[in-house]
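J.: structure, please.
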Amino acid sequence: MTRTTPPRPLDVEALFPELAAYRGSTTRLHPRPGSPSVSSSSVGGPLLWPADEPWPVCTEPHARGTGRRPADIHRERQVLHDAWECDPDSGPTAEERALLVELSQEHCAAGVADTDPLPMIGVAQLYRRDLPDLLEGPDGCDLLQVFWCPFDRHGRTGYGMSLDLRWRRSSEVSEVLAPPPRPEVVGYQG
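T.: Here you go, the predicted structure:
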């Protein structure tokens, strides 16, 4: 289903004519829960990643041994979804709230050093066929994949994100890596 953004409430270029030179086309994503495949554009879905290619890792030294377990975060989201779906007026029961407290605890990943390669999280993959305004990637690539380090401890301030963007030709991937590597813990639930 095509979703569109409503018309602008005011004409920005009429108010600030000097911005007209910077006008560009934008695609606004409207992700919805679903069950995408590796052949779908998605946010948080499986990626079309070749089985014989190394998965992206964060190599920048930073603390990475303490955080939340990804499985606990996914379970927490499911519990909250089900609770609000079941009873929109009161949400989680006392038992579910106790489980949510347990799931929100941080854990230590044993033996993980601050310099060990850390698997990045596959955040999104976008096929050009699904985003008409997405420019063609280098050498005719039709698929953009976005990864990030699961800890916001990068950059000059130590609070920045580390992103890794990969372009590829989807037709060249024959055997898909499944399941992808995952870090034992992540820095936050987002």
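
J.: where's the nearest residue in space to Pro132 that is not next to it in sequence relative to Leu126, distance?
T.: Leaving aside its chain neighbours, Pro132 sits nearest to Thr27 (7.9 Å; criterion: Cβ to Cβ, 6 or more residues apart in numbering). For glycine as for every other residue, the C-beta is placed from the backbone atoms N, C-alpha and C. Going from Thr27 to Leu126 by Cβ to Cβ, to the nearest Å gives 9 Å.

J.: more neighbours: which of those two?
T.: Taking neighbours as other Cβ atoms under 10 Å, Thr27 and Leu126 compare with Leu126 leading, 18 against 12.

J.: pretty sure the more buried one sits against Gly137.
T.: No. Taking Cβ atoms under 8 Å as the definition, Leu126 is not a contact partner of Gly137, at 10.2 Å.

J.: what sits in contact with each of those two?
T.: 143-144 (Cβ atoms under 8 Å, 6 or more residues apart in numbering).

J.: tell me the contacts of the residue minimising distance to the centre of the chain?
T.: The residue lying closest to the centre of the chain (Cα atoms, centre = their mean) is Val123, at 2.5 Å. Contact analysis of Val123 by Cβ under 8 Å, 6+ apart lists 43-44, 146-148.

J.: buried only: go through the residues you listed for me.
T.: Among the contacts of Val123, those classed as buried by 16 or more other Cβ atoms under 10 Å are 146-148.

J.: put together TSV for those residues, with secondary structure on each row.
T.: Below are the buried ones among the contacts of Val123 laid out as TSV (DSSP: H, G, I helix; E, B strand; the rest coil):
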residue	secondary structure
Val146	strand
Phe147	strand
Trp148	strand
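
J.: one step back: anything in contact with each of Thr27 and Leu126?
T.: Joint contacts of Thr27 and Leu126 (Cβ under 8 Å, 6+ apart) are Leu134.

J.: can you tell me the SS state at the nearest residue to Ser39 once chain neighbours are set aside?
T.: Distances taken as Cβ to Cβ, 6+ apart place Leu48 nearest to Ser39, at 6.8 Å, with adjacent residues excluded. Following three-state DSSP, the label given to Leu48 is coil.

J.: and Leu48, how many neighbours?
T.: A count of neighbours around Leu48, defined by other Cβ under 10 Å, yields 18.
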